[in-house]
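In: Here is a sequence together with a model predicted from it:
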Amino acid sequence: MDLYLGGSPFFSSSKAYKHLIGHMVTPPIFSWLWKSCCQNKHKVFFWLLLKDRLSTRGLFKRRNMILPSYDCVCCLSNVEGDLAHLFITCTFAKECWASIGLMVYHYNPWTVFNSLKGQLNVTFFMETIILMSWCIWMQRNDLIFRGLHNHPSNCKLHFKRAFALVVHRAKAHHKEAMSSWLEALL
């Protein structure tokens, strides 16, 4: 009788996969992402953001797609609208983060994430970061596709509505802290 991986007479696809691929260390942000109580559409959006797969103008340029301009539409600063600019260095994004009391000082996305996590210092930091990123993205899309003027106060209002829904999805022991934090934003 043949023995499979690990000396077992039974085949295991997970053992075969691990043997072929090896073990990769996954950054903790990914496990925090999937454990958050955000809606799946928010989780998938943020996963795409982390993997640099959102349809930004920078991504279109890298894929040789022709656009009239690759500049950011949110701040009109003649800077390419790539992922780092859209969510970190854009003046609109900085004002959106500041509207909920967070400051973005760095340009490296991983450093920014750790900075935001430290500034929040709450157990629901991931939900906050995911939802504000989502709201910035939605404000950008409203400007591009619907012609609606973007403003940090609109982004904050969208964030508060989305976060209130997340509070309902949260585990019971987190709801009170999340609700009081949201009320403090008013």
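Out: That came in fine, so what should we check first?
In: For the residue sitting nearest the centre point of the chain, which non-adjacent residue is spatially closest?
Out: What sits nearest the mean C-alpha location of the chain, by CA atoms, centre = their mean, is Phe46, with 3.4 Å. In this structure, Phe46 finds its nearest non-sequential neighbour in Ile130, 4.6 Å apart by CB to CB, 6 or more residues apart in numbering. Yep, even glycine has a C-beta here, placed from its N, CA and C like the rest.
In: other SSEs contacting the one helix or strand the one you found maps to?
Out: Ile130 is part of helix 125-141 when elements are defined by DSSP states H and E. Here helix 125-141 touches helix 28-35, helix 40-50, helix 91-99, helix 109-120, helix 152-169, going by 3 or more CB pairs under 8 Å, 6 or more residues apart in numbering; DSSP states H and E.
In: pLDDT weak spots in the chain?
Out: Across the chain, residues meeting the criterion (pLDDT under 70) sit at 1-7.
In: how about the helices and strands packed on helix 125-141, which one is nearest Met126?
Out: Minimum separation from Met126 across these (CB to CB) falls at helix 28-35, 4.6 Å.
In: Outside of that closest one itself, which residues are in contact with it?
Out: Lys43, Phe46, Trp47, Leu50, Phe113, Met126, Ile130 (CB atoms under 8 Å, 6 or more residues apart in numbering).
In: Based on its surroundings, how many neighbours for the nearest residue to the first one once chain neighbours are set aside?
Out: It stands for Lys43. Once flanking residues are discounted, Lys43 sits nearest to Leu33: 5.9 Å by CB to CB, 6+ apart. Neighbour count of Leu33, defined by other CB atoms under 10 Å: 21.
In: filter the contacts of helix 28-35 to the buried ones?
Out: Lys43, Phe46, Leu50, Phe113, Met126, Ile130 (16 or more other CB atoms under 10 Å).
In: so which pair among those residues is furthest apart in space?
Out: Pairwise over the buried ones among the contacts of helix 28-35, using CB to CB, the maximum falls at Lys43 and Phe113, 15.3 Å.
In: Contact partners for the closest residue to Cys96 other than its chain neighbours?
Out: Spatially, and ignoring its direct neighbours in sequence, Cys96 is nearest to Cys155 (4.3 Å; CB to CB, 6+ apart). By CB under 8 Å, 6+ apart, Cys155 lies in contact with Cys96, Ser99, Met132, Cys135, Ile136, Gln139.
In: any idea which of those has the most stuff around it?
Out: Neighbour max across these (other CB under 10 Å) = Cys96, 28 neighbours.
In: is it true that that one touches Gln139?
Out: Yes. Assessed by CB atoms under 8 Å, Cys96 is found in contact with Gln139 at 7.5 Å.
In: For Glu95, which non-adjacent residue is spatially closest?
Out: Going by CB to CB, 6+ apart, Glu95 has Pro152 as its nearest residue, at 4.0 Å.
In: Neighbours of that neighbour, how many?
Out: Other residues within reach of Pro152, judged by other CB under 10 Å, total 20.
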